[in-house]
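> Give me the fold of what follows.
(one chain, ligands or ions: 2)
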Amino acid sequence: MPNSANLRQVLTVAEMQAAERDLMDAGISVHELMQRAGQGAADWIWRMTGGRPVTVLCGPGNNGGDGYVIAAEIARRGGEVRVVAPMPPKTEAAKRAAETFKGKVTTSGEGLRGEVLVDCLFGSGLSRPLSAEHRALLRRLRMEHALGVAIDVASGVDADSGAWPEGMAAWDCTIALGAWKRAHWIGEASAKCGTRKLVDIGVAARSEDEQLAPEPDFARPAWDAHKYRRGLLAVVGGAMPGASELAACAAVGAGAGYVKLLGSDNSRRQLPPDLVEKNGDLTELLSDERISAILVGPGLGRGEEARDRLAHALAEGEPTVCDADALHLLDDEMLDGVDGTKIIVTPHEGELAQLCKNFGVIAASKRERAMAVHSRTGLTVLAKGPDTILAHDGGVAYFPQGSSWLSVAGSGDVLAGIVASRLATGDTPARAAMAGVYLHQQAAREAAGPFSASDLAQAIPAAYRAFL
Ligand SMILES: NC(=O)C1=CN([C@@H]2O[C@H](COP(=O)(O)OP(=O)(O)OC[C@H]3O[C@@H](n4cnc5c(N)ncnc54)[C@H](OP(=O)(O)O)[C@@H]3O)[C@@H](O)[C@H]2O)[C@@H](O)CC1
Ligand SMILES: [K+]
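Ligands and ions are numbered 1, 2, ... in the order given. Below is the predicted model:
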């Protein structure tokens, strides 16, 4: 994924329209933008499909206009291409684009069997749900073509929420025009848009409020590094030691120089050789000045003792990751006198709902819930799941979708360990969370599912190397 700011920004439909106006104010016509968008998309389609017969479904607006540019360009390159246009072009730019396509145009495409379907029925200008007729047309054409490519956003998708039209088949590829929209990264649309490509049409970086998280760029330890300088992470264990051990194992390979497990019992268990465990009075154990970050929550329990251990951990004022059980115990009372901006919470859907309840937050979508908890508390909120969303002091960050093999018990403990390890190295909460998600996803690639959570933890050093 490109790392420059304008190619990472995620724009709403309204922001995209404003960006388009800015470009026009700078003297670039809609026609020129459509040429850039359509030619760029045709380029990707040509590369992906290698000249196989293409059907372009064109709607009445500028998304349809892009479709005519794509069709004309494929024909110019010698490809076999036809257009299905259930409605004639309505906008000036689309009419002009339609004139440049000299090939076959039909209104229904009945009896057409092709190899590649390019969907330009509706894009970001969708103003109401798809009619039954349009749904049926899309479904039929999609079934009759082996490969489906959606232009900008799949027809019928709400570009701002990622809501997917019921019963609509998934696409193999979606080519975003000008900038990413939220639907490329969140909601059901993010899971069904297939491979994502972005065509740069010259939209400038407008704001960093919403962006695709940049990939981490790790460096080797400095020549004079030692284990404490690289970061000492304290993992506060609790009633169920397995989860905190797993998180600690994951943390070992993710950047911190030293990971210490602070247990709550003295029972002798077989620990992995890289883990150091200390038992005893938590306040005393946490008083080690060299500790640079704390992880608390996995296996903590939710009773009085757990509450007490969490309060002790937070009282240290160190950069801290709160996960799992800690997310049930966090509330205004627990955060009283604590600097929330130093804390990352890593909730899944259910835990995010619990946080909302604990902090009296009511919001409709996962994105809004994460943002509301962040603005209410100052916490950095990493709302994990198939569409992970990070609400942080710089705005909202989105991520490519990770492997579905990550849906395994203990996967969340591994993520918490990785994020905490990054925090221990001195990363800001936002950077630690972003790097953590990418490392977790890369570890899943390295472990090549199906894997257990401990296989995943073992794959972290290899994942780390991928970002060096
Ligand atoms: N922004 C940029 O910089 C650039 C944008 N570009 C492209 O423009 C696209 C946005 O174009 P757009 O605004 O013309 O909207 P689009 O999606 O074609 O649809 C609007 C038409 O569909 C109609 N309509 C809507 N919903 C309907 C429904 N359910 N059922 C039936 N009709 C429905 C609607 O009718 P109306 O609501 O007016 O009745 C109107 O006629 C964008 O996705 C990108 O591909 C690039 O070319 C260049 C740079
Ligand atoms: K489309």
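> Please report how far residue 229 lies from residue 425.
As judged by Cβ to Cβ, to the nearest Å, residue 229 and residue 425 stand 10 Å apart. Any C-beta I mention is one placed from the backbone N, CA and C, and that applies to glycine too.
> I meant to write residue 382 there.
Residue 382 is 17 Å from residue 425, by Cβ to Cβ.
> quick one: which of the two has more around it?
residue 382 (30 against 21; other Cβ atoms under 10 Å).
> I'd say that one and residue 343 touch.
No: with contacts defined as Cβ atoms under 8 Å, residue 382 does not count as touching residue 343, sitting 11.0 Å away.
> Surely residue 66 is in a strand?
No: going by DSSP: H, G, I helix; E, B strand; the rest coil, the assignment for residue 66 is helix, not a strand.
> Please name every helix or strand in contact with the helix or strand hosting residue 248.
If you go by DSSP states H and E, residue 248 is part of helix 241-252. For helix 241-252, the packing partners by 3 or more Cβ pairs under 8 Å, 6 or more residues apart in numbering; DSSP states H and E come out as strand 232-236, strand 258-263, strand 291-296, helix 411-424, helix 453-458.
> hmm, 6 Å instead?
Judged by 3 or more Cβ pairs under 6 Å, 6 or more residues apart in numbering; DSSP states H and E, helix 241-252 is in contact with strand 232-236, strand 258-263, helix 411-424, helix 453-458.
> can the ones you listed go into JSON lines with extra columns for distance to ligand 1?
Shown next, in JSON lines, are the helices and strands packed on helix 241-252 (distance: least, Cβ to the nearest ligand atom, whole Å):
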{"stretch": "strand 232-236", "distance to ligand 1": "45"}
{"stretch": "strand 258-263", "distance to ligand 1": "48"}
{"stretch": "helix 411-424", "distance to ligand 1": "34"}
{"stretch": "helix 453-458", "distance to ligand 1": "38"}
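> Just the buried positions in the helix or strand harbouring residue 284, please.
Assessed by DSSP H and E, residue 284 sits inside helix 282-286. If you call a residue buried by 16 or more other Cβ atoms under 10 Å, then helix 282-286 has these buried ones: 282, 285, 286.
> Check the gap between the second one and ligand 1 for me.
To tie it back to what came earlier, the one meant is residue 285. Distance, residue 285 to ligand 1, using Cβ to the nearest ligand atom, to the nearest Å: 56 Å.
> so what's that residue up against?
262, 278 (Cβ atoms under 6 Å, 6 or more residues apart in numbering).
> Also the last one?
Residue 286 makes contact with residue 316, according to Cβ under 6 Å, 6+ apart.
> For the nearest residue to residue 283 once chain neighbours are set aside, pull up the helix or strand it's in.
Leaving aside its sequence neighbours, residue 283 sits nearest to residue 312 (Cβ to Cβ, 6 or more residues apart in numbering; 5.5 Å). For residue 312, the enclosing helix or strand under DSSP H and E is helix 304-315.
> what angle sits between that helix and strand 291-296?
150 degrees (axes from the mean of the first three to the mean of the last three Cα atoms, to 10 degrees).
> Next, report how far helix 304-315 is displaced from the centre of its chain.
32 Å (Cα atoms, centre = their mean, to the nearest Å).
> Tell me which residues are up against that helix.
Contacts of helix 304-315 (Cβ under 6 Å, 6+ apart): 236, 238, 282, 283, 294, 296, 300, 326, 329, 338.
> One more pass at 7 Å, please.
Under the criterion Cβ atoms under 7 Å, 6 or more residues apart in numbering, residues 236, 238-239, 264, 282-283, 286, 294, 296, 300, 320, 325-326, 329, 334, 338 lie in contact with helix 304-315.
> now stretch 74-85
Against stretch 74-85 from outside (Cβ under 7 Å, 6+ apart): 42, 45-46, 51, 53-58, 67-68, 71, 101, 103-109, 112, 141.
> Between the two ends of that stretch, how far is it?
17 Å (Cα to Cα, to the nearest Å).
> Same check on stretch 245-263?
9 Å.
> could you give me the average pLDDT of it?
For stretch 245-263, mean pLDDT rounds to 95.
> next one: stretch 385-393
On average, stretch 385-393 scores 96.
> now swap in stretch 460-468 and tell me
97.
> Return the set of buried residues in that stretch.
460, 463, 464.
> Would you mind naming what in this protein lies close to ligand 2?
Contact residues, the chain versus ligand 2 (Cβ under 5 Å from the ion): 119, 123, 150, 151, 155.
> Make a markdown table out of the residues you listed and add secondary structure, neighbour count and pLDDT.
Shown next, in a markdown table, are the residues of the chain next to ligand 2 (DSSP: H, G, I helix; E, B strand; the rest coil; neighbours: other Cβ atoms under 10 Å; pLDDT from 0 to 100):
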| residue | secondary structure | neighbour count | pLDDT |
| --- | --- | --- | --- |
| 119 | strand | 28 | 98 |
| 123 | coil | 29 | 97 |
| 150 | strand | 28 | 98 |
| 151 | strand | 33 | 98 |
| 155 | coil | 24 | 98 |
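> Doesn't residue 148 lie inside a strand?
Yes: assessed with three-state DSSP, residue 148 lies in a strand.
> count of neighbours near it?
Neighbours of residue 148 (other Cβ under 10 Å): 22.
> isn't it right up against residue 172?
Yes: under the criterion of Cβ atoms under 7 Å, residue 148 makes contact with residue 172 at 5.3 Å.
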